[in-house]
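In: Build me a structure from this.
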Amino acid sequence: SFILIGTAIFAMALGIMVFFFVPLAISSLFNKGKDAVAFNLVAGAVRVFLFLIYVWGISLFGEFKRVFQYHGAEHKSIFAYENNAELTPESVSRFSTFHPRCGTSFILIVALFAILIYSFSDTIYTISAGVPPTLIKRFLLHFSLLPFVAGGSYELLKLSGRTRDNSLTKILIQPGLWLQRITTKEPTSAQM
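Out: Down below sits the predicted model:
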């Protein structure tokens, strides 16, 4: 259990470093933190780019093909359940592997919603302190707001599920569905 705990701590620290600190550091190199919106647009773009590279990279490993097939089976099953269809492989197979409330879509929503929230928080900090936050202060401020960003993103994901027939919602959920072309694959009957 010590190795498992150590692995979990290492993985969490690496995730925070790669997807949280590195985008801030790269944006600091380009922007110097004067304009909160521009700073967070660059950091958000870097964060999304790193996430896309990560997802694409793991998709190259043969073992992940089965994981992504099970992910596709999960989506098909959820669609079947939501449509009151029988939960059998034959019935489930008719549905799509692309689901608007996918966890992959959620991560994309988090990255995009973070741009808005962090731009707002950095602007408030700059107005109240008279100077933009340093890289470390920005990291701490953004990290402290992460539960709010995640919670707000979750509510947006739920809203997209309830309003998925709306024309605007259909446009807004497309990037998440496109990303699922990497993270979901057509499952076998046994997987369904």
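In: Quick check: buried residues in whichever strand or helix holds Glu155?
Out: According to DSSP states H and E, Glu155 maps onto helix 135-162. Of the residues in helix 135-162, 138-139, 142, 145, 149-150, 152-153, 156-157, 160 count as buried by neighbour count, 16 or more other C-beta atoms under 10 Å. For every residue, glycine as well, the C-beta is placed using N, CA and C.
In: give the contact list for Tyr81.
Out: Counting by C-beta atoms under 8 Å, 6 or more residues apart in numbering, Tyr81 makes contact with Leu87.
In: Check what pLDDT it gets.
Out: Note for Tyr81: predicted pLDDT of 96.
In: and what of the one 3 residues further on?
Out: At Asn84, the model reports a pLDDT of 96.
In: now it: how far from Ser91?
Out: Per C-beta to C-beta, to the nearest Å, Asn84 is found 10 Å from Ser91.
In: try Arg66
Out: Arg66 is 22 Å from Ser91, by C-beta to C-beta.
In: can you check Gly44 too?
Out: 40 Å.
In: again with Leu146
Out: 40 Å.
In: before we move on, back to that, out of Asn84 and Ser91, which sits in the busier spot?
Out: Ranked by neighbour count (other C-beta atoms under 10 Å), Asn84 and Ser91 place Ser91 first, with 15 against 6.
In: circling back: from the buried residues of helix 135-162, which is closest to Ser59?
Out: Proximity of these to Ser59 (C-beta to C-beta) peaks at Leu157, which lies at 22.2 Å.
In: How about that closest one: what's its closest non-neighbour residue?
Out: Phe106 (5.1 Å; C-beta to C-beta, 6 or more residues apart in numbering).
In: Report how many residues lie close to the one you found.
Out: Counted with other C-beta under 10 Å, Phe106 comes out at 18.
In: Likewise for Ser96?
Out: Ser96 has 12 neighbours, counted by other C-beta under 10 Å.
In: helix, strand or coil for it?
Out: The assignment at Ser96 comes out as coil when based on DSSP: H, G, I helix; E, B strand; the rest coil.
In: how near is it to Asn84?
Out: Distance, Ser96 to Asn84, by C-beta to C-beta: 16 Å.
In: so what's the backbone phi/psi at the residue of the chain positioned farthest from its centre?
Out: Going by C-alpha atoms, centre = their mean, the residue of the chain most distant from its centre is Gly130, 32.6 Å out. Per-residue torsions, Gly130: phi 90, psi -10 (degrees, to the nearest 10).
In: can you offset everything so residue one is 656?
Out: Renumbered: residue one is now 656, and that last one reads Gly785.
In: Is it correct that Phe674 is in contact with Phe706?
Out: Yes - taking C-beta atoms under 8 Å as the definition, Phe674 is a contact partner of Phe706 at 6.7 Å.
In: which element is the residue nearest to Leu812 on?
Out: Phe761 is located in helix 758-784, with elements delineated by DSSP H and E.
In: any weak-confidence spans in the chain?
Out: Scanning the chain for pLDDT under 70 picks out the ranges 687-688.
In: contacting residues for the residue nearest in space to the middle of the chain?
Out: In the chain, the residue lying closest to the centroid (C-alpha atoms, centre = their mean) is Ile762, at 0.9 Å. Residues in contact with Ile762 (C-beta under 8 Å, 6+ apart) are Phe706.
In: Before I go, just wanted to say thanks for your time.
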